[in-house]
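A.B. asks: Please work out how this folds:
(chains A, B, C and D)
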There are 2 protein chains.
Amino acid sequence: MKDIRPKLVKLLKENYCTPQILKIAKNLKEPSTTIHYNIKKLEEEKVIKTYKAVFDYKKIDEGFCSYALINLSSEEYVNPEKIAMDLSKYPEIESIDICTGDWELVLKIRTKDQDEYYNFIKNVLSRKGIVKIKSLTSLKQLKTEFVKLF
Amino acid sequence: MKDIRPKLVKLLKENYCTPQILKIAKNLKEPSTTIHYNIKKLEEEKVIKTYKAVFDYKKIDEGFCSYALINLSSEEYVNPEKIAMDLSKYPEIESIDICTGDWELVLKIRTKDQDEYYNFIKNVLSRKGIVKIKSLTSLKQLKTEFVKLF
DNA sequence: CATATTATTGAATAATATTCAATTATTTAT
DNA sequence: ATAAATAATTGAATATTATTCAATAATATG
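C.D. replies: Have a look, this model is predicted:
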């Protein structure tokens, strides 16, 4: 049997979805051509970045979720964007923010388990520029990506 | 002119999207019926929770993003789920995690600006059960919901 | 106030999803 | 190991939905 599920997950995680114009039209009690026109406009204006799926991450081997609060070295501190943009390529990282306060970078990271998280920290985050990491491990997710999980 | 854009945003933020089976089929070089069968299965098994849009939040009056690290009172500490589930109803909250470490709750909050964030903290988060809040304000988002923003 | 631009909409068409039935592959029980 | 049962793949037919187009209405602009 072909195992296309991981491939599906990969595609749907960022893309390969589209709005349901007719259902929206029915919900808002407007003609579907009006909805179509307005959504296309939101897309052209880049108000909408993409359409995607939200998963039960426990079921796709991403059940371990942690926030990594990061301090940068004094060299990287002045330009955190470089390191942040570089980190954005890792599929384990759900979000990256450059922040004010005690930590310069806040990452949300999803891995299969604590072991994989440890390896990710060791292999990816222990690098020149990152001098200190504080991990806040999620015991339970109640909401993610604006979607309730219960 | 009808202002249906906020209504569209509200619907698309959590729902009213669907996978593009034919495009996925072409990408993976598989018959579209095979893709259809497999995706329906992922939906039935609740591996996929929903399909949604990702926005340029600056363009939908949610340009201010902050992480709220929360300490609970000793009474709430033993059962943080109650308060977490209650908080999940607020559309300003993108994610809620019950965590280990120095803070029991980690919220990701999006508002129009700092003023609105202040009001949200004051009106929603300053409540019985929440004894201390540390805010990490995002200066720049590089990635959100697995989607690169540059 | 006249003109240009933008938004709305119904009807026609194009594109895509879904169903169905047949086949193939895999798992389970003996 | 083999038969029977179950699950997965697929092409062809159908149903559903998105998109285009042209006409009209609303709003903005000079």
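A.B. asks: Which helix or which strand is home to residue A:49?
C.D. replies: Per DSSP states H and E: residue A:49 is located in strand A:48-55.
A.B. asks: what are the pairing partners of the helix or strand following that strand, and which direction each?
C.D. replies: Sequence order places strand A:64-72 as the next helix or strand after strand A:48-55, per DSSP H and E. Using DSSP bridges, the strands paired with strand A:64-72 are strand A:105-111 (antiparallel), strand A:130-144 (antiparallel).
A.B. asks: Can you tell me what sits against strand A:64-72?
C.D. replies: If you take CB atoms under 8 Å, 6 or more residues apart in numbering or on different chains as the criterion, strand A:64-72 is touched by A:57, A:80, A:83, A:94, A:102-114, A:116-117, A:121, A:125, A:129-138, A:141, B:67, B:97, B:99, B:106, B:136. Heads up, the C-betas are built off the backbone N, CA and C, glycines and all.
A.B. asks: I only care about those residues that end up buried; give me the ChimeraX line for that.
C.D. replies: Per 16 or more other CB atoms under 10 Å in any protein chain shown, the buried members of the contacts of strand A:64-72 correspond to this ChimeraX selection:
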select /A:57,80,83,94,103,104,105,106,107,108,109,110,111,116,117,121,125,129,130,135,136,137,138,141 /B:67,97,99,106,136
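A.B. asks: tell me what the helix or strand harbouring residue A:40 is packed against?
C.D. replies: Using DSSP H and E, residue A:40 sits within helix A:32-44. Using 3 or more CB pairs under 8 Å, 6 or more residues apart in numbering or on different chains; DSSP states H and E, the elements in contact with helix A:32-44 are helix A:21-28, helix B:5-14.
A.B. asks: try it again with 6 Å
C.D. replies: helix A:21-28 (3 or more CB pairs under 6 Å, 6 or more residues apart in numbering or on different chains; DSSP states H and E).
A.B. asks: distance between the helix or strand of chain A with the lowest mean pLDDT and the chain's centre?
C.D. replies: Ranked by mean pLDDT, DSSP states H and E, the weakest helix or strand in chain A is helix A:74-77, scoring a mean of 91. The chain centroid and the centroid of helix A:74-77 are separated by 25 Å under CA atoms, centre = their mean, to the nearest Å.
A.B. asks: In it, which residues are buried?
C.D. replies: Buried residues in helix A:74-77, counting neighbours by 16+ other CB under 10 Å, are found at residue A:76.
A.B. asks: CA atoms only for the strand holding residue A:49, dumped as CSV, please.
C.D. replies: The C-alpha trace of strand A:48-55 is given here as CSV (Å, rounded to 0.1, in the frame of the first residue of the first chain):
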residue,chain,number,x,y,z
ILE,A,48,-5.6,36.0,3.1
LYS,A,49,-2.1,34.4,3.0
THR,A,50,-3.2,30.8,2.4
TYR,A,51,-5.8,28.1,3.2
LYS,A,52,-4.7,25.1,5.2
ALA,A,53,-5.7,22.2,7.4
VAL,A,54,-5.5,22.1,11.2
PHE,A,55,-4.6,18.7,12.6
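A.B. asks: Specify the angle between that strand and strand A:130-144 in degrees.
C.D. replies: Angle, strand A:48-55 to strand A:130-144, by axes from the mean of the first three to the mean of the last three CA atoms, to 10 degrees: 80 degrees.
A.B. asks: Strand A:48-55 and chain B in contact?
C.D. replies: Yes: for strand A:48-55, a contact with chain B is found by CB under 6 Å from any CB of the partner chain, at A:48-51, A:53-54.
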